[in-house]
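1. what follows is a predicted protein model with its sequence.
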Amino acid sequence: MNRRAPLALAACLTAALALAGCSSASSASSSSSDSSANPSANAPQLKVSGGYMPRPVGDLAAGFLVVTNSGGAADKLTSVTSDISDDITIHSTENQKMRKVKSFDIPAGGELNLARGGNHIMFMGLKQQPEQGQKVGIELHFEKSGPIKVELPVKEINYNPAQR
């Protein structure tokens, strides 16, 4: 038996796994709802759902969504960017008082729920007024995971999925 055969087989398997990892990263970066490039149990596995923006009345708007982490490690939402505003912050709401925060925790096996009356994304100094039925593109940035692009459908001013 040739002693080099197992070594060559191991090298081929390593190369194949590396190439598979590269193709996963490419498809994950183009996905609008999944930031996971490496499905490791020790990494965050983020998915975004339920996003929307009530139609703004003035030059302020709010955004709401859910980030689910099915991975084995926690992550943090650290910022949000969008073409619609250069001034976007994330806000915590406690005892009906809103305050800007640096990040939101997304626990392993848990979720971050940004909802009316609670934590949310705040858009200030809107560059344009989105109308009901349009979509606003945003990009969520995380401490560990890559960015996730999301389209928030613009809903009626008083839209609240919790009451539907």
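-> Yes, it's here. Numbering: from 1, shown residues only.

2. shaky segments in this structure?
-> Counting by pLDDT under 70, the chain contains low-confidence residues at 1-41.

3. in it, which spans are helices?
-> 4-30 (DSSP state H).

4. pretty sure residue 77 is touching residue 144, no?
-> No - contact criterion CB atoms under 8 Å: residue 77 and residue 144 do not qualify, at 10.8 Å. Yep, even glycine has a C-beta here, placed from its N, CA and C like the rest.

5. these two: who's more crowded?
-> Using other CB atoms under 10 Å, the more surrounded residue of residue 77 and residue 144 is residue 77, with 24 against 15.

6. how about the contacts made by the closest residue in space to that one that isn't next to it in sequence?
-> Leaving aside its sequence neighbours, residue 77 sits nearest to residue 104 (CB to CB, 6 or more residues apart in numbering; 4.5 Å). By CB atoms under 8 Å, 6 or more residues apart in numbering, the contact list for residue 104 reads 76, 77, 90, 92, 112, 114, 119.

7. show me the strands in the chain, by range?
-> Along the chain, counting by DSSP state E, strands occupy 46-54, 60-69, 75-81, 87-94, 97-101, 104-106, 111-114, 120-124, 135-142, 148-155.

8. reformat those as a markdown table; add distance to residue 161.
-> Output for the strands of the chain, formatted as a markdown table (distance: least, CB to CB, whole Å):
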| stretch | distance to residue 161 |
| --- | --- |
| strand 46-54 | 7 |
| strand 60-69 | 8 |
| strand 75-81 | 20 |
| strand 87-94 | 17 |
| strand 97-101 | 20 |
| strand 104-106 | 19 |
| strand 111-114 | 11 |
| strand 120-124 | 13 |
| strand 135-142 | 16 |
| strand 148-155 | 9 |
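
9. the closest residue to residue 86 other than its chain neighbours: neighbour count?
-> Sequence neighbours aside, residue 125 is the residue nearest to residue 86 in space, at 6.7 Å (criterion: CB to CB, 6+ apart). The burial count assigned to residue 125 is 11, neighbours taken as other CB under 10 Å.

10. on that earlier part again, can you select the buried ones from the contacts of residue 104 in ChimeraX?
-> ChimeraX command restricting the contacts of residue 104 to the buried ones, with burial defined by 16 or more other CB atoms under 10 Å:
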select :76,77,90,112,114,119
